[in-house]
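Enquirer: dropping the sequence and predicted coords here.
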Amino acid sequence: MATFVYDVKIARVQRTLRWLEEDVPLLATRVKDLSPERQKQAKRFAASMIDQTRAELERLVRERTTWDEDVECPCEPAD
């Protein structure tokens, strides 16, 4: 059951990451009317969000892997 929960969370974070990464080229168009400093701030913020999302994805994958390793699985069939 917990594996399913991790899979759902991982899929959601992957979608968010993909959305953020695909949005980067469009960001320049949206911020072009801002001052150069505001453009830098917006781009830094977007890069920060991508970095945080990647870190969250890595954490979830690591936790899922750890959880999978901790689950006891009988090595021999029951009699």
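Expert: Everything's here; your move. Numbering: from 1, shown residues only.
Enquirer: what comes up buried for the longest helix along the chain?
Expert: Determined from DSSP state H, the single longest helix within the chain is helix 36-70. Within helix 36-70, the residues that qualify as buried by neighbour count (16 or more other C-beta atoms under 10 Å) are 39, 46, 50, 53, 56-57, 60, 64. Just so you know, the C-beta spots here come from the backbone N, C-alpha and C atoms, and that holds for glycine as well.
Enquirer: tell me which of those residues has the lowest pLDDT.
Expert: pLDDT is lowest at Arg64 among the buried residues of helix 36-70; the value there is 88.
Enquirer: that one against Tyr6, yeah?
Expert: Yes. Contact criterion C-beta atoms under 8 Å: Arg64 and Tyr6 qualify, at 3.9 Å.
Enquirer: spatially, which residue comes closest to Arg30, not counting chain neighbours?
Expert: Ala42 (7.9 Å; C-beta to C-beta, 6 or more residues apart in numbering).
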